[in-house]
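> Sharing a sequence plus its predicted fold:
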Amino acid sequence: MPDVSSLTEAPWGTGTLVGSGLLDVVWGRGTDVQSLGGTYTPGPPPSGGTPTTPNTDADFVIPAATNYRVVHTVTVTDLRDSQPVELDSLSLSCDDGSVCWTLNASGARDLFQRFTTGDTPVLDVVIDGYTWRFIVEGVRRERTFPAGSVSITGRSPTIVAGEPYQFPQNWVNDGPSTAQQLASQAQAFTGLEIDWQLEDWLVPDRVFSFTGSPLAVVQRVAESVSAVTRADLVDSRVSLLPRYRALPNEWREQVPEVEIHIDASMTDSWERSDKPAYTGVYVSGQAEGAIAKVYLAGTTGDQLAPMITDALLTENIALRQRGEAFLGQGGPQATVRITLPFLTGSTYPGPIEVNWLVRVVEPGNVVFYGVVRSVSVSVQFGVVTQSITLEVHTADIAGTTTIIPAPPPPADGEIGWYDPVIGLSGGLAHTNSGTGELSDFALSPVTTLYAGLVGWTNETVTWSIASWTSGSSHPSPTIIASADGWVQIQWENTYGGGPPIADGSIGTLVLTATVNGTPIAAGERLIAVSTPPTGDYPTIAWGPEP
């Protein structure tokens, strides 16, 4: 049976080895998790008839081996006086929502004096040539005769841009700004560097309104499109990454950052964690937002999720990124946790990073793929290991994402919502859209909507509700008044009747019309979507039909 030998050198004393031993590894075949990805269709071969295939060799490989022999070197240095610090154990961790790495460590009780006097301690932790830096923020001492211990916690330098090092502030964009500018300009006095790896989009004047620290601004922008935040190990830098660089059924054709043979694992676990397999979702901004249906190509998108709204979803680029992140997480899946020796050099990866794509090879060359959602590196009794948590999809999702934005207005005969939508006195355009609270008890209620024929002069218009779709079988809104040039739609309560509207029906309404006997074409009609409350009241959004 293979074994893993691990030696650790420490900076204190004369460099005596603090621990060594053989690590038993759980070998053999565990539960197979297989991704049933779609087939790859190669392009036409070049002249000469040589076939072309995609190169999916991983950047790093941890292969199966009968023995992994490593001598670890671990040093911890207090940067205030450049003196080594002796710790009995430590762990370093981060996940896909973290804006910093976290340190948890313990040592002898005489460390209490060092960590509670002088300036705030800053430690460099070096494991086999890889450096992490931490600001020590928590110190705890426990004394039991005749010994005792000290535990410390800390976070990496990115936290200096957040609380308690920065006060919360009120943020409003004065003039149009891109999302990247919102995140970067908030760091004018923090030194935090933003590594922007998302598609950028424009946020109109004064749409962004937020209260929090400069670091919280970064988190707020990332949250709007469900992006992953990944902190640097040493520097004050945070990366904003797409949650899925490719959707799960496309992982087989991607180049993974690391390939792991399961025989290299010390332990692994598999836990089923299925989510609804939605194929489409309406995504909308708010006061100055856009609205679109994002769906999986190859489907009709009829398995609709509840509508997603966010004030920062102001352009189709943002709508697609948010919709793709949401739809990508659906379907049959599992959470897989793997503990590995910490291996560096040669083809070994060193610390595995959040959001990396991993290919795992089971016995018999059964392969599955997963994305890293959390990482933890542990030093305990001379042994250095790292544990990763993978998001693994056990069956394909339906396809790739496609966005259906509002089409350009037709040459004539177009219908549109009034702006504001609650009366006949505002502007009328096919592109009008917005959101509101679906309750007559809200501060700014929207329970009655008005639409009209843009540029109506003397056409004969007949209005009708083309469809009403409600997963909860709630009653449809009704047309309560109309003329050739306009129509009034009244929402109803979930139990029927109204107004007043206290608990509005939840569903999707499509409004259509015929102009001089010719029906408005699909894609040129109007849509209104109501969704369950996330606060006090249900919400409603309206716009052109995608």
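Cool, got the structure. Residues are numbered from 1 along each chain as shown.

> Figure out how far stretch 171-190 is from the centre of its chain.
Here stretch 171-190 shows a centroid-to-chain-centroid distance of 21 Å under the convention C-alpha atoms, centre = their mean, to the nearest Å.

> who's in contact with that stretch?
Applying C-beta atoms under 8 Å, 6 or more residues apart in numbering, the contact partners of stretch 171-190 are 160-161, 166, 193-194, 196, 198, 200-212, 214-215, 217-218, 221-222, 224-225, 236, 240, 312, 318. C-beta here means a position set from N, CA and C on the backbone, and glycine is covered the same way.

> make it 6 Å
Residues from elsewhere that reach stretch 171-190 (C-beta atoms under 6 Å, 6 or more residues apart in numbering): 161, 194, 196, 200-206, 208-210, 214, 217-218, 221.

> Which ones among the residues you listed lie within helices?
Of the positions in these, 214, 217-218, 221 sit in helices, assigned by DSSP state H.

> now, which of these sits nearest A395?
V221 (32.6 Å; C-beta to C-beta).

> now stretch 433-441: mean pLDDT?
Averaged over stretch 433-441, pLDDT sits at 91.

> And that stretch, how far out from the chain middle?
27 Å.

> Show me what counts as buried in that stretch.
Buried residues in stretch 433-441, counting neighbours by 16 or more other C-beta atoms under 10 Å, are found at 433-440.

> returning to what we had before: list buried residues within the contacts of stretch 171-190.
Neighbour-count burial (16+ other C-beta under 10 Å) applied to the contacts of stretch 171-190 gives 161, 194, 196, 201, 203-204, 208, 210, 214, 217-218, 221.

> from those residues, which two are the most distant?
A161 and P204 (25.7 Å).

> ok, of the buried ones among the contacts of stretch 171-190, which one's closest to V150?
A161 (28.1 Å).

> which ones are touching that closest one?
By C-beta under 6 Å, 6+ apart, the contact list for A161 reads 190, 192, 214-215.

> I'd like the distance between it and R252.
Separation of A161 from R252 (C-beta to C-beta, to the nearest Å) stands at 38 Å.

> Give me the below-cutoff pLDDT ranges for the stretch 251-400 of the chain.
Residue ranges of the stretch 251-400 of the chain with pLDDT under 70: 287, 398-400.

> which stretches of it form strands?
258-261, 267-272, 280-284, 291-296, 304-309, 333-341, 357-362, 366-380, 383-393 (DSSP state E, counting those that start in this stretch).

> just the stretch 51-200 of the chain next, same as before
Ranges of strands in the stretch 51-200 of the chain, per DSSP E, counting those that start in this stretch, are 60-62, 67-78, 83-84, 89-95, 102-108, 122-127, 130-144, 147-155, 169-172, 177-178, 193-196.

> Same list (the ones you listed) but as TSV, adding distance to G535 and mean pLDDT.
Formatted as TSV, these follow (distance: least, C-beta to C-beta, whole Å; pLDDT from 0 to 100):
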stretch	distance to G535	mean pLDDT
strand 60-62	46	95
strand 67-78	47	90
strand 83-84	53	96
strand 89-95	27	96
strand 102-108	31	95
strand 122-127	41	97
strand 130-144	33	94
strand 147-155	31	92
strand 169-172	20	95
strand 177-178	27	95
strand 193-196	30	97
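
> Ok, which of the ones you listed comes nearest G413?
strand 177-178 (36.4 Å).

> For the buried ones among the contacts of stretch 171-190, give me a markdown table that also has distance to Q286.
A markdown table is the format used below for these (distance: C-beta to C-beta, whole Å):
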| residue | distance to Q286 |
| --- | --- |
| A161 | 27 |
| I194 | 24 |
| W196 | 23 |
| W201 | 15 |
| V203 | 12 |
| P204 | 11 |
| F208 | 11 |
| F210 | 13 |
| P214 | 23 |
| V217 | 18 |
| V218 | 21 |
| V221 | 15 |
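
> Which member of those is positioned nearest F368?
For those, the nearest to F368 is W196 (31.1 Å; C-beta to C-beta).

> Beta-bridge partners for the closest one, please?
Beta bridges link W196 to L240 when assigned by DSSP bridges.

> what do you get for I527?
Applying DSSP bridges, one finds that I527 bridges with V510, G543.

> Show me what stretch 352-372 is in contact with.
Taking C-beta under 6 Å, 6+ apart as the rule, stretch 352-372 contacts 29, 32-35, 58, 96, 228, 230, 241, 251, 254, 256-262, 336, 375, 388, 390-392.

> And those residues, which of them are buried?
Counted by 16+ other C-beta under 10 Å, these give 33, 35, 58, 96, 228, 230, 241, 251, 256-262, 336, 375, 388, 390-392 as buried.

> closest to T494 out of the strands of the stretch 51-200 of the chain?
The closest of those to T494 is strand 169-172. By C-beta to C-beta, the value is 36.3 Å.

> Tell me the buried residues in the closest one?
For strand 169-172, a neighbour-count test (16+ other C-beta under 10 Å) marks W171 as buried.
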